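>>> sequence and computational prediction follow.
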Amino acid sequence: QVQLVESGGGSVQAGGSLRLSCAASGFLDRRNYMGWFRQAPGKEREGVAAIKTGGGSTDYADSVKGRFTISQDNAKNTVYLQMNSLKPEDTAMYYCAAGGWWLSAGTYNYWGQGTQVTVSS
């Protein structure tokens, strides 16, 4: 069983930065991906960024390319999402997920509880 615990959310003004962390416990298949997804009120969950657990491949939503960076520390079993140049439209609950593929939410088996990110204009 894999457990995921997110941290690092909060409130920031537009143009600011936040770094989210996702600590994973349990066995992770290095062939799969870990990803960050977000869901704003009244909207569907969307993929933000994903990284292959074994290292190497990353994928980003077009809306965050050049602003967000996903990385991982395999020794700590932790994935990070560095978010720069934040915009009000980035406001959402952010979820960490594991055991899936790319930015396809339906393929992920494990989900964290979420951390709120609020960006004010």
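All right, it came through fine.

>>> from the centroid of this protein, which residue is nearest?
Geometric centre of the chain, nearest residue: Trp36, 2.1 Å, by C-alpha atoms, centre = their mean.

>>> in the helix or strand in which that one is found, what's buried?
Using DSSP states H and E, Trp36 falls within strand 33-39. Residues of strand 33-39 classed as buried by neighbour count (16 or more other C-beta atoms under 10 Å): Tyr33, Met34, Gly35, Trp36, Phe37, Arg38. (Glycine included, C-beta is placed from N, CA and C.)

>>> so what does that strand touch, helix or strand wise?
strand 18-25, strand 46-52, strand 68-73, strand 78-83, strand 92-100 (3 or more C-beta pairs under 8 Å, 6 or more residues apart in numbering; DSSP states H and E).

>>> now the third one against strand 78-83, angle please.
Strand 68-73 runs at 160 degrees relative to strand 78-83, counting by axes from the mean of the first three to the mean of the last three C-alpha atoms, to 10 degrees.

>>> mind checking how far Arg31 is from Leu4?
As judged by C-beta to C-beta, to the nearest Å, Arg31 and Leu4 stand 18 Å apart.

>>> look at the two and report which has more neighbours.
Leu4 (22 against 10; other C-beta atoms under 10 Å).

>>> which ones are touching the more buried one?
Shown in contact with Leu4 (C-beta atoms under 8 Å, 6 or more residues apart in numbering): Cys22, Ala23, Ala24, Cys96, Ala97, Ala98, Tyr110, Trp111, Gly112.
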